[in-house]
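Student: When you get a sec, could you give me coordinates for this:
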Amino acid sequence: MDCTWEVTAPPGHLILLAFHSMVLEEHKGCQYDFVTVFDGKREEGVELGRVQSQARDPPVTVSYVECSGDESSLDECEVKWGRKCSTTERAAVHCQGVTVVGHDSESRTRVSPFEEAGCYSRQITYRQASLLQLRSLIQASESCTQLVKLECRHTRFLGEEWGWWVSWDGRRMNSWGSTSTDSKKCACGERGDCDLGLLTCNCDANDEVWRSDEGYLSDKASLPMRDVRLGDTRDMPMEMAFHTIGKLRCTGQSKVIKQM
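Tutor: Numbers count the residues shown, from 1 in each chain. Here you go, the predicted structure:
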């Protein structure tokens, strides 16, 4: 029996194929029992690998999307029977994917000495994707997040607009992780538990104690972060700050996909 399945996923998603069992036909060898994986349609696609019942090749894996479940509950993947498939068995596929995009500013980075508000700039270059490509991924996804963290001593931050981040389209964003857009607060400000009773951020304390503010950016209309701008770090070694900017992570499939 010669069966063909087509598995498709949204742009930016990667697929992990896991074969749990293969039933042998009635012959002495297994050379006729195999699954061949193509990149694209069988007639024109590149053969990525072949899995046999006994002599199995190394896994043909492109990570992050795992398929399991029932065809009737497909979430992000589609499975279609090929014309030659004579079986009536359902294809057991259900995808839940995570797409992760890295960049050149993920490591803990010391903020260079600059006094004026926003004079320090760290522009972010994403790996293997342009901003427009990332926007297509974000719009096609149900949710996206990006971790941001600021460690500080004797500095000021959002309270008097000494720092901010820049959205993908160049807008100045006066907020930090795990807050509403343009809230002018960090997460502790929204929760009401900032150090020293501050209403905005721990990093607005402007004292000799090391403090930090961190959380996740999640506004799909603003992601990904393009730049981070800071100031009030000139008087070394007393005034110091470090920032950490995480990878862009997107999951699920949006119910509505906007056109760019």
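
Student: Going by C-alpha atoms from here, please, whenever you check contacts or count neighbours.
Tutor: Noted.

Student: how close does the closest residue in space to residue 119 that isn't next to it in sequence sit to residue 112?
Tutor: Distance criterion CA to CA, 6 or more residues apart in numbering; nearest residue to residue 119, sequence neighbours excluded, is residue 231 at 5.7 Å. Spatial separation of residue 231 from residue 112 under the definition CA to CA, to the nearest Å is 9 Å.

Student: Overlap of the contact sets of those two?
Tutor: Common neighbours of residue 231 and residue 112, using CA atoms under 8 Å, 6 or more residues apart in numbering, are residue 120.

Student: okay, those two: which has more neighbours?
Tutor: A side-by-side neighbour count of residue 231 and residue 112, using other CA atoms under 10 Å, places residue 231 first with 26 against 18.

Student: Extract the CA atoms of the longest helix that the chain contains and return them as PDB.
Tutor: For the chain, the longest helix by residue count, based on DSSP state H, is helix 131-140. Only the C-alpha atoms of helix 131-140 are listed here, as PDB (Å, rounded to 0.1, in the frame of the first residue of the first chain):
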ATOM      1  CA  LEU A 131      11.500  43.100  10.800                       C
ATOM      2  CA  LEU A 132       8.800  42.700   8.200                       C
ATOM      3  CA  GLN A 133       9.300  38.900   8.200                       C
ATOM      4  CA  LEU A 134       9.000  38.900  12.000                       C
ATOM      5  CA  ARG A 135       5.900  41.000  11.800                       C
ATOM      6  CA  SER A 136       4.300  38.400   9.500                       C
ATOM      7  CA  LEU A 137       5.200  35.800  12.100                       C
ATOM      8  CA  ILE A 138       3.700  37.800  14.900                       C
ATOM      9  CA  GLN A 139       0.500  38.600  13.100                       C
ATOM     10  CA  ALA A 140       0.000  34.900  12.200                       C
END
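
Student: Residue 240 and residue 150 touch, don't they?
Tutor: No - taking CA atoms under 8 Å as the definition, residue 240 is not a contact partner of residue 150, at 10.6 Å.

Student: hey, what's in contact with both of those two?
Tutor: The overlap between the contact sets of residue 240 and residue 150 (CA under 8 Å, 6+ apart) is empty.

Student: roughly how far apart are the residue nearest to residue 119 and residue 117?
Tutor: Counting by CA to CA, the gap between residue 231 and residue 117 amounts to 4 Å.

Student: Over to residue 249?
Tutor: From residue 249 over to residue 117 (counting by CA to CA), the distance is 29 Å.

Student: ditto for residue 158
Tutor: The separation that residue 158 has from residue 117, given CA to CA, amounts to 10 Å.

Student: which one of these two has more residues nearby?
Tutor: For residue 158 and residue 117, the more surrounded residue by other CA under 10 Å is residue 158, and the numbers stand at 21 against 18.

Student: Next, that one: phi, psi?
Tutor: Torsion angles at residue 158 (phi, psi; degrees, to the nearest 10) stand at phi -80, psi -30.

Student: That one - nearest residue in space that isn't next to it in sequence?
Tutor: residue 184 (5.9 Å).

Student: Look at the one you found and give its secondary structure.
Tutor: Per DSSP: H, G, I helix; E, B strand; the rest coil, the secondary structure class of residue 184 is coil.

Student: so who does it touch?
Tutor: Under the criterion of CA under 8 Å, 6+ apart, the neighbours of residue 184 are 158-159, 174-176, 200.

Student: Strands along the protein, start to end?
Tutor: Listed in chain order, the strands found in the chain under DSSP state E are 5-8, 34-39, 46-52, 65-67, 78-81, 95-101, 109-110, 120-123, 143-153, 164-166, 172-173, 211-217, 227-230, 240-251.

Student: No further questions, thank you.
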